[in-house]
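Participant: What shape does this take:
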Amino acid sequence: MPVSEIIIASAKRTPVGSFNGAFGAFALNQNTMGFSNNAVGDSALYRNEIGAANTAVGDLALENNDATDDGAGNNNVAVGASALNNNVNGSENTGVGAGVGPNLANGFNNTYVGNFVGTTASDEDGTIRIGDISNDNGAGSLQCYVGGIWNNLQPVGGSVVVVTLDLDNDHLGYDNTFGSSPAAPSRSMPQPRVRPNPSNHAMLNQKVEQLQATVTQQQATVAQQQKQIETLTTQLREQAAQIQKVSAQLEMVRPTPRVVENR
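Facilitator: Numbers count the residues shown, from 1 in each chain. Just a heads-up that it's a prediction; the model follows:
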């Protein structure tokens, strides 16, 4: 091996990374040339070696980032215990929430917000998930309040905001066909989870059925009233015809006026 190659290989393993901050047991434990990384929490960015500009806050956050030493895992932000902990070569991903984005390994430019969001989603690119059904709690977030949308008109022909009740996977960008899961980390944290009451769906379905029944009843009432109006209209026309007929008969039997001459 040429001397220059030996020097380069040795330099690669020399801890020359700069502008890094680590707080917590094993945080940035294997970092060598990575720079501008910040890790707060037990084993945060544990396997990062040369990945740069990553921020991990929480135990095991971004634990496997840059585990292959390819330097591709850059500009990621993970906040929460085990947040994006299986991300390896993915970059520019943002995950906020405990256990968020467990299947992102090589994904690019994703934004996940909410505990366990992305649990049932595959590795993907350019996707925004906020409290959606991919958190595997059976419902996702049931209500959403976002300021600054309702009172802002969309441009003509634009689609700034699209709201749909269609839960088809193609509309949600949600893939329920799973391949092999990423390798499990060397250790995992317990993830206590509180699932919403399964009766929520039943209650929603019951409300929808009640609303449909009410609409059907109102439609039947309107149809009945329309029929009654048509019947009354017919009767009024018949009565008007009879009155006109009687008036004509009276005109015929009325005596002819006589002129009396005064003498």
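Participant: Show me where this structure has its helices.
Facilitator: Listed in chain order, the helices of the chain (DSSP state H) span 3-12, 169-172, 199-253.
Participant: Average pLDDT for the longest one, rounded please.
Facilitator: Just to be clear, that refers to helix 199-253. Averaged across helix 199-253, the pLDDT comes to 86.
Participant: for the second one, same thing?
Facilitator: Mean pLDDT, helix 169-172: 45.
Participant: still on that earlier bit, packed most tightly, which of the helices of the chain would that be?
Facilitator: Comparing the helices of the chain by mean neighbour count (mean count of other Cβ atoms under 10 Å), helix 169-172 comes out on top with a mean of 12. C-beta: built from backbone N, CA, C; applies to glycine.
Participant: quick revisit: among the helices of the chain, which comes closest to residue 90?
Facilitator: helix 169-172 (20.6 Å; Cβ to Cβ).
Participant: just to revisit the earlier point, could I get the helices of the chain as JSON lines with distance to residue 113?
Facilitator: Below are the helices of the chain laid out as JSON lines (distance: least, Cβ to Cβ, whole Å):
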{"stretch": "helix 3-12", "distance to residue 113": "36"}
{"stretch": "helix 169-172", "distance to residue 113": "15"}
{"stretch": "helix 199-253", "distance to residue 113": "21"}
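Participant: mind listing the strands for the stretch 51-200 of the chain?
Facilitator: For the stretch 51-200 of the chain, strands defined by DSSP state E, counting those that start in this stretch occupy the ranges 55-57, 77-79, 94-96, 111-113, 128-130.
Participant: For residue 22, grab the count of nearby residues.
Facilitator: By other Cβ atoms under 10 Å, 18 other residues sit near residue 22.
Participant: so it makes contact with residue 34?
Facilitator: No. Applying Cβ atoms under 8 Å, one finds residue 22 not in contact with residue 34, separated by 10.8 Å.
Participant: Now do the shared contacts for those two.
Facilitator: residue 28 (Cβ atoms under 8 Å, 6 or more residues apart in numbering).
Participant: Now do the contacts for residue 67.
Facilitator: 47, 88.
Participant: What of residue 58?
Facilitator: For residue 58, the contacting residues are 40, 41, 44, 78, 79, 80, 81, 82, 83, 98, by Cβ under 8 Å, 6+ apart.
Participant: rerun at 10 Å
Facilitator: When contacts are counted by Cβ atoms under 10 Å, 6 or more residues apart in numbering, residue 58 touches 24, 39-44, 78-85, 95-100, 189.
Participant: Now distance to residue 65, mean neighbour count and mean pLDDT too, for the strands of the stretch 51-200 of the chain, in TSV please.
Facilitator: TSV is the format used below for the strands of the stretch 51-200 of the chain (distance: least, Cβ to Cβ, whole Å; neighbours: other Cβ atoms under 10 Å; pLDDT from 0 to 100):
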stretch	distance to residue 65	mean neighbour count	mean pLDDT
strand 55-57	7	25	98
strand 77-79	8	25	98
strand 94-96	11	24	98
strand 111-113	15	21	97
strand 128-130	20	17	95
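Participant: Let's have the ones you listed in a markdown table, adding distance to residue 237.
Facilitator: Below are the strands of the stretch 51-200 of the chain laid out as a markdown table (distance: least, Cβ to Cβ, whole Å):
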| stretch | distance to residue 237 |
| --- | --- |
| strand 55-57 | 81 |
| strand 77-79 | 77 |
| strand 94-96 | 72 |
| strand 111-113 | 67 |
| strand 128-130 | 63 |
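Participant: Fine by me, thanks again.
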